[in-house]
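Asker: Kindly generate the corresponding structure for this input.
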Amino acid sequence: MGTAPVPSDTPRDPTPTPPCLESAFTEAGRRFVLTGTRCDNGQLIVKLTVTSERGDLQGELRGAVTADDLAPLARLLDAASRTHPAAVPPPRQGGGWAPAVSARLSARFRQEPDFTLLAAEFGCSRGAIYEELTRQGLIRSPGSGRTTPASRPLSEAMRQRRQIHRNTHTR
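Answerer: Below is the predicted model of the structure:
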């Protein structure tokens, strides 16, 4: 017959599990899990995951913070939860650009030259953004800087042909 091992004979895990904190809740069909694990160097590894009802990962945030960072981080998360996203302006219905809006567009174009983003921000089409920036002189329309090539003098043979047929080889 076999003997059962004495509890002192069982091998122990040499590394203790680091202190860990986990908090979770579900809202609007999404599961939010915040995990904090203390490291040997005193930092706290923070991981925030957002999953769907089916368990599909929709978002993840991970980073290391110190104990001094926890209070400001909590205030930041609290403030972010109270902040409502900026309302999208209604689409513009033509009628030109007000001087203040035109000035704001030129300033934003210098920061973010993406017509699609600017169109969404100003509630108009990319074409309207393009036309207004062209009017302001911030961009040039294609071909606006081109000049026609200088005409070459006609050769003697061409002059003789044109005397017979006026529209021969005209430019």
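Asker: contacting residues for the closest residue to Leu57 other than its chain neighbours?
Answerer: If the residues on either side of it in the chain are set aside, Leu57 comes closest to Thr51, at 5.7 Å by C-beta to C-beta, 6 or more residues apart in numbering. No exception for glycine: its C-beta is placed from N, CA and C like everyone else's. Applying C-beta atoms under 8 Å, 6 or more residues apart in numbering, we find Thr51 in contact with Arg30, Arg31, Val33, Leu57, Gln58.
Asker: right, and out of those residues, which lies closest to Ser81?
Answerer: Lowest distance from Ser81 to the contacts of Thr51 (C-beta to C-beta) belongs to Arg30, with 14.1 Å.
Asker: In space, what's closest to the closest one - neighbours in sequence excluded?
Answerer: The nearest residue in space to Arg30 (C-beta to C-beta, 6+ apart) is Val50, at 5.7 Å.
Asker: Beta-bridge partners for that neighbour, please?
Answerer: For Val50, the beta-bridge partners are Phe32, Gly59 (DSSP bridges).
Asker: hang on, it packs against Leu34?
Answerer: No - with contact defined as C-beta atoms under 8 Å, Val50 does not reach Leu34; the gap is 10.3 Å.
Asker: Can you pull the residues that touch both of those two?
Answerer: With C-beta under 8 Å, 6+ apart, Val50 and Leu34 have no common neighbours.
Asker: tell me the SS of Leu154?
Answerer: Following DSSP: H, G, I helix; E, B strand; the rest coil, we place Leu154 in the coil state.
Asker: any idea how far Arg162 is from it?
Answerer: Separation of Leu154 from Arg162 (C-beta to C-beta, to the nearest Å): 7 Å.
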